[in-house]
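Could you work out the structure for the sequence below:
(one chain, ligands or ions: 1)
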Amino acid sequence: MDFIKVNKEYISSFFSDDELRKVQAEVFNADNSLTYGTGKGSDFHGWMDLPARISESEINDIKYCAENLRSISSAVVVIGIGGSYLGARAVIEALSPSFKNKFEKGNPDILYAGHNLSEEYLHELLSLLSGIDYSIIVISKSGTTIEPAVAFRLLKNHIETKYGKDEARKRIVAVTDKSKGALKKLADEEGYKTFVIPDNVGGRFSVLTPVGLLPVACAGIDISGLLQGAKDILNHINKEKDFFNNPACLYAGLRNILYRSWKEIEIMVSYEPKLGYLIEWWKQLYGESEGKQRKGLFPVGVNFTTDLHSLGQIIQDGKKNFFETVLWVDRTNAEIKIPEAQNDPDGLNYLSDKRISYINEKAMLGTVQAHTQGSVPNILIKIPELNAYYIGQLIYFFERACGISGYMLGVNPFDQPGVEAYKKEMKKLL
Ligand code: PA5
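Residues are numbered from 1 along each chain as shown. Next up is the predicted model:
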């Protein structure tokens, strides 16, 4: 069985294995606090064994509901924000084709709403939905978040006008708290199919609950494979006592040492554009979990080689208050080779018969070397392949390392008191 691997080769000049060994005890202590529920916020540890705990009947219920929505929709609109949005989108974007052939039948389009307050966006969405068959998955744990609530009010009106109340009811699914919140009350009154977000799983750790699984299944992605990957790496992390071979412990240890050496920013880098939303999900996971009590690394993301042509300069030569973590996919699913050209007009014949992935890999290795020489430490995370199984591994790996990192910082990684401040001020103004 292959696992996500963390490679520390490109940071060895910034600190030694001995220094790393010294933080080992702290890493394992933090991980024990997670495992035994002795750390802060332990009532939100439900995600820890979720992939091993979810039952076949729960999975089948999600698949059945997804099949039903797929069979009646050209598009499924997923309404949610933050932890009720990013995980599903991360998995769907990572595992769906980059270009959809609109003349091809098959998977419905997954559209998103409730993740902004743009009138322009909502107007265009409603116009599009007037002409196609669609259904809605509305996701909110609290059931009171303003962005999804506003979007749902608009879409509920739209779908009821389009299909009538009875048919609309069959096309709306709610994912929310088991007993409280405005969405739960509304769903019960209207008789919508509902899925429950467990009490002990916070928004940003909820992608492997119906919050992520239902939209992902609607996109035609294998949720059993996703869960299997998460479960396998969970067992691997639990069993692996060698710090250097335990990906979650090693990643948490490396980034903590860098944080202590006054790095302020972690840049997550990907050479695969499909991982762009996975980086968005990671940004929320780490930013909301660590950013407390004036502590935490500021998480940002870039897509290479695209951004090497816009941000490469500042990364190479700018202020050295950051490090990079590079996501690299080992095996690609497609094969394209550079064709030979007569007379070599563009001077690229030296690359004839080389795969694009070969050139991408050299770009990655060259960039890692250049940035390292420019005093930017690089952590490398290797993903064997882009499929549901390894994306499941990646999700759990990041969640686990995030819990460890938060405890190493001494914060509660499972609350988000700072998010309330803007809501309060906005409500006053409204
Ligand atoms: O991680 C979090 O808790 C937040 O990002 C929430 O997920 C987000 O604010 C949406 O909340 P809710 O699901 O209650 O609508």
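
quick one, strands of this structure?
Along the chain, counting by DSSP state E, strands occupy 5-7, 75-79, 109-113, 134-140, 172-176, 193-196, 265-270, 298-303, 322-331, 378-385.

among those strands, which is nearest the ligand?
Smallest distance to the ligand across those (C-beta to the nearest ligand atom): 3.3 Å, for strand 134-140. Glycine gets a C-beta too; all of them are placed from N, C-alpha and C.

what angle do the closest one and strand 75-79 make?
For strand 134-140 against strand 75-79, the angle by axes from the mean of the first three to the mean of the last three C-alpha atoms, to 10 degrees is 20 degrees.

Tell me the strands beside strand 134-140, with direction?
strand 75-79 (parallel), strand 172-176 (parallel) (DSSP bridges).

Go through those strands and name the closest to Gln316.
Of all the strands paired with strand 134-140, it is strand 75-79 that lies closest to Gln316, at 38.5 Å by C-beta to C-beta.

quick one: is that closest one near the ligand?
No: Strand 75-79 stays clear of the ligand (C-beta under 6 Å from any ligand atom), getting no nearer than 9.5 Å.

Can you show me the CA trace of that strand as CSV?
Included here for strand 75-79 are C-alpha records, laid out as CSV according to Å, rounded to 0.1, in the frame of the first residue of the first chain:
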residue,chain,number,x,y,z
ALA,A,75,-27.0,20.7,-12.4
VAL,A,76,-26.8,20.4,-8.6
VAL,A,77,-26.4,23.6,-6.7
VAL,A,78,-24.5,23.2,-3.5
ILE,A,79,-25.2,26.0,-1.1
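
Can you list the buried residues in that strand?
If you call a residue buried by 16 or more other C-beta atoms under 10 Å, then strand 75-79 has these buried ones: 75-79.

ditto for stretch 238-246
Residues of stretch 238-246 classed as buried: 238, 240, 243, 246 (neighbour count, 16+ other C-beta under 10 Å).

Give me the distance between the last one and Asn235.
Same thing as Asn246. Note on Asn246: its distance to Asn235, by C-beta to C-beta, to the nearest Å, is 12 Å.

what does Ser405 give?
21 Å.

And for Lys295?
31 Å.

need the helices for the stretch 151-300 of the chain, in chain order.
With DSSP state H, counting those that start in this stretch as the criterion, the stretch 151-300 of the chain has helices at 165-170, 182-190, 210-218, 223-239, 247-260, 276-290.

list the buried ones in the longest one?
It refers to helix 223-239. For helix 223-239, by 16+ other C-beta under 10 Å, it's 223-234, 236-238.

helices and strands around it, which ones?
Secondary structure elements in contact with helix 223-239, counted by 3 or more C-beta pairs under 8 Å, 6 or more residues apart in numbering; DSSP states H and E, are helix 50-53, helix 56-72, helix 210-218, helix 247-260, helix 388-409.

let's see 6 Å
Where contact means 3 or more C-beta pairs under 6 Å, 6 or more residues apart in numbering; DSSP states H and E, helix 223-239 is packed against helix 50-53, helix 210-218, helix 388-409.

Now tell me which of these the model trusts least on average.
Between the helices and strands packed on helix 223-239, the one with the least mean pLDDT is helix 50-53; it has a mean of 94.

Put the alpha carbons of it into PDB.
What follows is helix 50-53 as a C-alpha-only set of coordinates in PDB (Å, rounded to 0.1, in the frame of the first residue of the first chain):
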ATOM      1  CA  LEU A  50     -14.600   9.200  11.200                       C
ATOM      2  CA  PRO A  51     -13.400   7.300   8.100                       C
ATOM      3  CA  ALA A  52     -13.200   4.100  10.200                       C
ATOM      4  CA  ARG A  53     -16.500   4.700  11.900                       C
END
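
residues contacting the residue of the stretch 201-350 of the chain found nearest the ligand?
Across the stretch 201-350 of the chain, no residue is closer to the ligand than Gly203, which sits at 2.3 Å (C-beta to the nearest ligand atom). Taking C-beta atoms under 6 Å, 6 or more residues apart in numbering, we find Gly203 in contact with 82-84, 141.

before we move on, what about Asp133?
Counting by C-beta under 6 Å, 6+ apart, Asp133 has contacts 73-74.

pLDDT weak spots in the chain?
Within the chain, the stretches with pLDDT under 70 are 101-105.

so Lys283 makes contact with Val300?
No: between Lys283 and Val300 there is no contact under C-beta atoms under 6 Å: 7.1 Å.
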